[in-house]
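> Here you go, sequence then predicted model.
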Amino acid sequence: MVSHIWSILKQRDSLWVQWIHSYRLRGRNFWNCKETTTCSWSWRKILQLRPLVKEHIWSSLGAGTTISAWYDSWCHLGPLSNILSPRVITNAGFRIDAMVTDVYRGDAWAWPNIWRDLFPVLNQLDHVRPDHNKRDRLLWKDGDNLLDHSSFTVWDSLRIREQEVNWVSIVWFPQCIPRHAFLVWNSVRAKADMGDVDPKWSSIVNCLMTRRRVKSASSYVARLLVGATAYIIWQERNARLFKNQTRPPEAICEVILKIVRYKLMGVKFKSCATVKCLLGKWGIDEDAIEDNGG
């Protein structure tokens, strides 16, 4: 969704962005556009994200021809609409859709002198001026850092940070299946030599914690299997709740084992008797074993 907002603000050359500007915004500024009861779900969600992302959108002032004088963040005061109401702006003879270059005339800001008395913070902008030899730029602001927009920078700025849990290495490890790494549960544990582990979350975590530093094939399979099981069980839960679809336990186990088996078939293990025995349980021949010490 943030990428959509970025495209709108940048006026990216796409049919969707052109449609948004023509039929949704209709000449209004994105930050000032009101949410109506008749708008679509997706457009409403985009508008509802504005308070979250607004403080991160920074307009680097160049010529000022594409930056809203009132609603974009182009100076340290933030959007001037936080200081000046629409009535104050229009009563002074300015347009609501005015750009920065429209309110800078000659070598000074064109707002009336009375504003300097009513809003003395505006005097701090006397040293700020557009540069007609530079282009306006849209940047992502993360604290005091100004960055180019990317999915990573957005995620890193907006994500909720928590203390790292001690079992992180159980679900995030080399060659894990990423989409399985968010949910961890237990089932079909005999395939990972976990048949004697009590099917309680605390017991599963304790068992895997003892293996988290071990780089053996059985340790890798155990973590892979638990993650895959959790993901499929979660899928089954959603199917039963929202689609009224149910699969028998045998079919679910078969799907889980098939996913893990296909993953193991693509991994090259060190050649040893233990690995051969382990892969034999999964019906994988010795072609998947490579004597490279890895």
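That came through, no problem.
> so where's the stretch 151-294 of the chain shaky on pLDDT?
Low-confidence segments of the stretch 151-294 of the chain (pLDDT under 70): 165-201, 211, 286-294.
> What does the residue nearest to S3 when sequence neighbours are not counted show for phi and psi?
Distances taken as C-beta to C-beta, 6 or more residues apart in numbering place S151 nearest to S3, at 7.1 Å, with adjacent residues excluded. (Each C-beta comes from the backbone N, C-alpha and C, glycine too.) Main-chain dihedrals, S151, degrees, to the nearest 10: phi -60, psi -40.
> Helices of the stretch 151-294 of the chain, residue ranges please.
151-158, 168-171, 201-209, 217-238, 249-265, 273-281 (DSSP state H, counting those that start in this stretch).
> and the gap between the nearest residue to R261 once chain neighbours are set aside and D136?
Distance criterion C-beta to C-beta, 6+ apart; nearest residue to R261, sequence neighbours excluded, is W282 at 5.2 Å. If you measure W282 against D136 using C-beta to C-beta, to the nearest Å, the figure is 59 Å.
> higher neighbour count, these two?
For W282 versus D136, the count of surrounding residues by other C-beta atoms under 10 Å is larger for D136: 20 against 14.
> Is it correct that that one is in contact with D72?
No - using C-beta atoms under 8 Å, D136 makes no contact with D72, being 9.2 Å away.
> Quickly list what's touching both of the two.
Both D136 and D72 are contacted by S59, under the criterion C-beta atoms under 8 Å, 6 or more residues apart in numbering.
> Can I take it that W140 is in a strand?
Yes - per DSSP: H, G, I helix; E, B strand; the rest coil, W140 lies within a strand segment.
> Identify the residues contacting it.
56-58, 146-150, 153-154, 157.
> Kindly report the same for W58.
Here W58 is in contact with 73-74, 138-141, 146 (C-beta under 8 Å, 6+ apart).
> Can you tell me which of the helices of the stretch 151-294 of the chain is nearest to L125?
helix 151-158 (26.5 Å; C-beta to C-beta).
> helices or strands up against the closest one?
helix 2-10, strand 137-142 (3 or more C-beta pairs under 8 Å, 6 or more residues apart in numbering; DSSP states H and E).
> coming back round to it: return the members of the contacts of W58 classed as buried.
Listed as buried from those are 73-74, 138-141; burial here means 16 or more other C-beta atoms under 10 Å.
> my read: L84 touches F119, true?
Yes - between L84 and F119 there is a contact at 6.9 Å, judged by C-beta under 8 Å.
> More neighbours: those two, which one.
Neighbour count, other C-beta under 10 Å: between L84 and F119, L84 has more, with 19 against 15.
> For my notes, confirm that one occurs in a strand.
No - using three-state DSSP, the assignment for L84 is coil, not a strand.
> How about the contacts made by it?
70, 115, 119.
> Go through these and say which is closest to I46.
Nearest to I46 among the contacts of L84, with distances taken as C-beta to C-beta, is W70, at 20.8 Å.
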